[in-house]
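> Curious how this folds, go ahead:
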Amino acid sequence: MDPSAAMAARHTQQARENRHKADWRGWKFMWPFAVVFVFVFIIPIVYAIYISFFKKQMIGGTRFVGLGNYAALMHDQQFWSSVGRVALFTVVQVPIMLFLAAAMALAIDSMKLHGTKFFRISTFLPYAVPAVVSTLIWGFVYGA
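Numbers count the residues shown, from 1 in each chain. Got it, this is the predicted structure:
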């Protein structure tokens, strides 16, 4: 048997065997993100839900109230008023922001608009100015 044919047959056999084995190499790259995600996002949410079942008192510390806080929240007019304001803001502001951002991006990219360089600079400037200002201030602090 030809050595290259034998090698190809062995490679095909390995590919068939590896298809059924779990490959965990990709998960090793995800562990750092997963650890940070759990400590920064999941644990604070679980802790916030846990403390929402308690009521803090001036005298006597904390007292378990169960779903009492949520029942009080459902009857609070100020809560529902704030939910309405946030919903109105979301319904009005998000579509306008997305439309204006898309229109500006298309206008800058089209090259048919007069003054494209000005629009590109005016878009970039708010990100560049704070870095320049802080550099100048630190230069004055260290130079004095």
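
> The longest helix seen in the chain: what's the following helix or strand?
The longest helix of the chain (DSSP state H) is helix 77-110. Using DSSP states H and E, the helix or strand that follows helix 77-110 in sequence is helix 116-143.

> Now do that following helix and helix 77-110, the angle between them.
Taking axes from the mean of the first three to the mean of the last three CA atoms, to 10 degrees, one finds that helix 116-143 is oriented at 110 degrees with respect to helix 77-110.

> Against which helices or strands is helix 116-143 packed?
Secondary structure elements in contact with helix 116-143, counted by 3 or more CB pairs under 8 Å, 6 or more residues apart in numbering; DSSP states H and E, are helix 77-110. No exception for glycine: its C-beta is placed from N, CA and C like everyone else's.

> R63 in helix, strand or coil?
Here R63 is strand, with the state taken from DSSP: H, G, I helix; E, B strand; the rest coil.
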